[in-house]
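Student: Dropping the sequence and predicted coords here.
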Amino acid sequence: MALRAGGGLALLLPLLLPLLLALPAAGSVNGSGAEAAEPLGGRAEPGLNATVSTEVEFGVCTVTCGIGIREVLLTSGCPGTEAKCIVRVEECRGPVDCGWGIPISEGLACVKMPCVYIPPENRFKYVWKMLIPNKTARILPDDSAIMEVCRDTRSVTFQCETQENGNIIASVKYTVYATTETETKKSRRVETGQSRRTMTDAILVFCLVTGIIVTVGVIFAMICMILHWAVVKSIWESKSGQDNQGKKLANKRSLCNTE
């Protein structure tokens, strides 16, 4: 009997072995699912590092063309009681064509002109061109962000292209006037300033003369009143007496009417 029982157990053991091995595997799968339900480190605290959805607002770009920077603001989930907080500062870009620029410095002999860029300066590539009417633009060897040009006998137009990874992100133009035109403009400005100054002086003189005439007239009237005070007093008294008599007559008429 013992041998028969042992033989039956030996025959059942290969059938039960897969079931015994499957039970720990199922327990491990359930355990991993429970661990995956909660992230490592517990629940996320509210704040800048929260995993909840947040609202973002973008600030105004520092430029209207080319490349600039702007602030990225968080409108919910800020620490403390702040309604908005700055998350980061990022680049912003506008239209490529910036039109006509203003030189950094402009003298009678030379002019300094800047390209459009943001720090760091060596991040971009700068291509300076000389624009010639009805001809192809001439590329200059200067590749710096600021170029200094001395005036010539004729006016010249320059253009700077700011490039990044082979793409143009900003373009600005400058006109360097000739020496003769600069002197002519300077003389015109001087003449305009002198004419404005002359007009201002004339207005001031007119106001001064008018004020003096009015002041002299008032003083003369006061002197006449002081010298003829008796006559003025008699006129005033006679006028006040007539007014009193008129009031008395009016009162009498009102009394008669009431009776």
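Tutor: Great, that's in hand.
Student: Touching, V149 and E106? I think so.
Tutor: No: in this structure, V149 is not within contact of E106 by CB atoms under 8 Å, at 10.5 Å. (Each C-beta comes from the backbone N, C-alpha and C, glycine too.)
Student: So these two - more neighbours on which side?
Tutor: V149 (18 against 15; other CB atoms under 10 Å).
Student: so how far is N122 from the more buried one?
Tutor: 22 Å (CB to CB, to the nearest Å).
Student: Ok, I213 next?
Tutor: 71 Å.
Student: ditto for M130
Tutor: Counting by CB to CB - M130 and N122 are separated by 24 Å.
Student: Show me which of these two is the more surrounded one.
Tutor: M130 (15 against 8).
Student: Need the pLDDT of the more buried one.
Tutor: pLDDT recorded at M130 is 94.
Student: Then the one 5 residues further on?
Tutor: According to the model's per-residue confidence, K135 sits at a pLDDT of 89.
Student: again, but for E161
Tutor: 97.
Student: residues making contact with the helix or strand where it lies?
Tutor: Assessed by DSSP states H and E, E161 sits inside strand 156-164. The contact list for strand 156-164 (CB atoms under 8 Å, 6 or more residues apart in numbering) reads 66-67, 113-117, 123-131, 137, 140, 147, 149, 168-176.
Student: Which neighbours in the sheet does that strand have, and how are they oriented?
Tutor: Strand pairing for strand 156-164, using DSSP bridges, gives strand 125-131 (antiparallel), strand 167-176 (antiparallel).
Student: could you dump the ones you listed to TSV with distance to C224?
Tutor: Putting the strands paired with strand 156-164 into TSV (distance: least, CB to CB, whole Å) gives the following:
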stretch	distance to C224
strand 125-131	77
strand 167-176	68
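Student: Give me whichever of these is most buried.
Tutor: strand 167-176 (a mean of 18; mean count of other CB atoms under 10 Å).
Student: Can I get that one as PDB, trimmed to CA atoms?
Tutor: Written as PDB, here are the backbone C-alpha positions of strand 167-176 (Å, rounded to 0.1, in the frame of the first residue of the first chain):
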ATOM      1  CA  ASN A 167      18.400  81.300 -41.100                       C
ATOM      2  CA  ILE A 168      18.000  85.100 -41.000                       C
ATOM      3  CA  ILE A 169      16.300  86.100 -37.800                       C
ATOM      4  CA  ALA A 170      16.800  89.900 -38.000                       C
ATOM      5  CA  SER A 171      17.700  92.600 -40.600                       C
ATOM      6  CA  VAL A 172      18.400  96.300 -40.100                       C
ATOM      7  CA  LYS A 173      19.500  99.100 -42.400                       C
ATOM      8  CA  TYR A 174      21.500 102.300 -41.900                       C
ATOM      9  CA  THR A 175      22.200 105.300 -44.200                       C
ATOM     10  CA  VAL A 176      25.600 106.900 -43.700                       C
END
